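Undergrad: With the input below, show me the fold.
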Amino acid sequence: MKVKELRQKSKAELTALLAELKEKNRGFRFDIQLKQQKNVKEIDKVKKSIARILTILNEKI
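TA: Below is the predicted model:
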C-alpha cells in the first residue's frame, strides 16, 4: 500500500491494518521455519508496510 493511501486513513483503520499485518508477519515467520513458505521476500514487504504504518501513526499524534 502506498504512503499516500495510508495517510488518508483514520487512526482506527491504521491500527486495524497494523494488527492484521503483524499477524501476517507472525504467520510468515512460522511458515518459513517450517519450510512451507518459499517466497521469503514477502516477509520484507510486510515489515516495510508495518514500518510505514507506525511512522504515519506517530505523525498523527
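
Undergrad: C-alpha from now on. contacts and neighbour counts both.
TA: Noted.

Undergrad: Hmm, Ser49 is touching Glu5, no?
TA: No. Here Ser49 lies out of contact with Glu5, judged by Cα atoms under 8 Å, at a distance of 12.0 Å.

Undergrad: Neighbour count: these two, which is higher?
TA: Ser49 (20 against 8; other Cα atoms under 10 Å).

Undergrad: Any chance of the backbone angles for that one?
TA: Ser49 has phi and psi values of phi -70, psi -40 when expressed as degrees, to the nearest 10.

Undergrad: What mean pLDDT does the helix ranked longest in the chain get?
TA: The longest helix of the chain (DSSP state H) is helix 11-33. Across helix 11-33, pLDDT averages out at 93.

Undergrad: 40 is where my numbering starts, stick with that
TA: Right, with 40 as the first residue, what we last looked at is helix 50-72.

Undergrad: now for it, which elements pack on it?
TA: If you count contacts as 3 or more Cα pairs under 8 Å, 6 or more residues apart in numbering; DSSP states H and E, helix 50-72 packs onto helix 80-99.

Undergrad: packing partners for the helix it packs on?
TA: Judged by 3+ Cα pairs under 8 Å, 6+ apart, helix 80-99 is in contact with helix 42-46, helix 50-72.

Undergrad: residues in contact with stretch 54-70?
TA: Surrounding stretch 54-70, the residues in contact under the criterion Cα atoms under 8 Å, 6 or more residues apart in numbering are Gln76, Ile82, Val85, Lys86, Ser88, Ile89, Ile92, Leu93.

Undergrad: Please list only the buried members of the residues you listed.
TA: By neighbour count, with 16 or more other Cα atoms under 10 Å, the contacts of stretch 54-70 hold Ile82, Val85, Ser88, Ile89, Ile92 as buried.

Undergrad: and those residues, which two are the farthest apart?
TA: Using Cα to Cα, these reach their maximum pairwise distance at Ile82 and Ile92, which is 15.5 Å.
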